[in-house]
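*Asks:* Quick one: sequence and predicted model below, then my questions.
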Amino acid sequence: MPGRFRAECRRIIFRSDHWDEKAFDVFLIITIVVSVGLVLWESIPTISPEMRNALYVAEWVITVLFTIEYALRLYVSESPARYSRSFFGVVDLLAILPTYIDLLLPGAHYLMLLRVLRVLRIFRVLKLVKYIGEANTLMRAMRSSARKIAVFVFAVVNLVLILGSLMYLIEGAENGFTSIPKSVYWAIVTLTTVGYGDISPHTPLGQFVASIIMITGYGIIAVPTAIVTSEMTRPKGPDADNDYVCPACGWESHDHDATFCKVCGDRLPKQNHAQQTH
């Protein structure tokens, strides 16, 4: 009987084919959205004490529900320790921990904002693991292009230092460029095309330099995008990780002969292994 109960819980939690599995997902989505709404509502200073007490009770009800769900996920996981250290395992824990900490340490009320992390769990509940897989692709591209981006950032830092110092010499304190750091701040704001307008050049030469910086800014913004995009579109080699997604934690990038998830330890879907044999 315990084994059957565990199998049924695992089916309902990790799958979404039958009506009871879909009902669980819908209930969890509604609970997550309501819990995040409670955090936002609770931050309004003008709500009445009665309403604040009602929000407090509702928060505890939701926390208990999430605690039960977290305990069940640990119970049905083939490797509870690895699941608890996975990304969603940490998110699940952080989503319930602040409420208990606030009960023991009332001064730590600011930790309640961590409950907003619950909204991240919608990615798993909605079975959006394929989008998480795309996020893994993006992260791999960013790691591959990290050195190129670092060189680019170093060049930009040098550029804004030079331009800021130049504008300090051209404009001077009488036009708002009172120091080199403040002039560098203006160069960063202008180069990124933000343009707060709190400082602006007044001399013709300064305005000319500012125009050059603004035009350069558009190219500066495009460079890191091009670097990452080139890495994302680069074809994978024969030894690259596959795109099989763990249904429990959403991690992609497993080895071709992997049977269990490298992050949470859960067994990968059988269809993944069937694909590996072809």
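*Replies:* Yep, it's here. Being a predicted model, the structure only gives us computed values, none of them experimental. Numbering: from 1, shown residues only.
*Asks:* all helices in the stretch 101-250 of the chain, in order from the N-terminus.
*Replies:* Secondary structure of the stretch 101-250 of the chain by DSSP state H, counting those that start in this stretch: the helices cover 122-125, 129-144, 146-171, 180-191, 204-232.
*Asks:* Turn those into CSV, including distance to Asp255 and mean neighbour count.
*Replies:* (Each C-beta comes from the backbone N, C-alpha and C, glycine too.) CSV is the format used below for these (distance: least, C-beta to C-beta, whole Å; neighbours: other C-beta atoms under 10 Å):
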stretch, distance to Asp255, mean neighbour count
helix 122-125, 22, 18
helix 129-144, 14, 15
helix 146-171, 23, 16
helix 180-191, 43, 20
helix 204-232, 21, 14
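*Asks:* now these as JSON lines including distance to His18 and mean pLDDT?
*Replies:* What follows is those, written out as JSON lines (distance: least, C-beta to C-beta, whole Å; pLDDT from 0 to 100):
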{"stretch": "helix 122-125", "distance to His18": "16", "mean pLDDT": "62"}
{"stretch": "helix 129-144", "distance to His18": "19", "mean pLDDT": "69"}
{"stretch": "helix 146-171", "distance to His18": "44", "mean pLDDT": "91"}
{"stretch": "helix 180-191", "distance to His18": "55", "mean pLDDT": "92"}
{"stretch": "helix 204-232", "distance to His18": "36", "mean pLDDT": "87"}
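*Asks:* Could you say which one of the ones you listed comes nearest to Leu93?
*Replies:* Closest approach to Leu93 among the helices of the stretch 101-250 of the chain (C-beta to C-beta): helix 122-125, 14.1 Å.
*Asks:* re earlier: and the helices of the stretch 101-250 of the chain: which comes nearest Phe27?
*Replies:* Closest among the helices of the stretch 101-250 of the chain, once you apply C-beta to C-beta, is helix 122-125, at 9.5 Å.
*Asks:* Off-centre distance for stretch 152-159?
*Replies:* Averaging C-alpha positions (C-alpha atoms, centre = their mean, to the nearest Å) puts stretch 152-159 26 Å from its chain's average.
*Asks:* returning to that earlier point: could you dump the helices of the stretch 101-250 of the chain into JSON lines with distance to Ala54 added?
*Replies:* JSON lines is the format used below for the helices of the stretch 101-250 of the chain (distance: least, C-beta to C-beta, whole Å):
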{"stretch": "helix 122-125", "distance to Ala54": "24"}
{"stretch": "helix 129-144", "distance to Ala54": "35"}
{"stretch": "helix 146-171", "distance to Ala54": "49"}
{"stretch": "helix 180-191", "distance to Ala54": "45"}
{"stretch": "helix 204-232", "distance to Ala54": "47"}
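*Asks:* Please name whichever of those helices is nearest to Phe260.
*Replies:* helix 129-144 (16.2 Å).
*Asks:* which of the residues in whatever helix or strand Asn53 lives in are buried?
*Replies:* Element membership of Asn53 [criterion: DSSP states H and E] is helix 49-76. Buried residues in helix 49-76, defined by neighbour count with 16 or more other C-beta atoms under 10 Å: Leu55, Ala58, Glu59, Ile62, Thr63, Phe66, Thr67, Glu69, Tyr70, Arg73, Leu74, Val76.
*Asks:* Equivalent analysis for stretch 26-39, please.
*Replies:* By neighbour count, with 16+ other C-beta under 10 Å as the criterion, the buried positions of stretch 26-39 are Leu28, Thr31, Ile32, Ser35, Val36, Leu38, Val39.
*Asks:* Repeat that for stretch 191-201.
*Replies:* Neighbour count says stretch 191-201 has Leu191, Ile199, Ser200, Pro201 buried, by 16+ other C-beta under 10 Å.
*Asks:* measure it end to end?
*Replies:* One end of stretch 191-201 to the other measures 14 Å (C-alpha to C-alpha, to the nearest Å).
*Asks:* how about the residue with the largest distance to the centre of the chain, what does it touch?
*Replies:* Distance from the centre of the chain peaks at Pro204, with 44.6 Å (C-alpha atoms, centre = their mean). Contacts for Pro204 were tallied using C-beta atoms under 8 Å, 6 or more residues apart in numbering; there are none.
*Asks:* measure it to Glu171 for me?
*Replies:* Distance, Pro204 to Glu171, using C-beta to C-beta, to the nearest Å: 11 Å.
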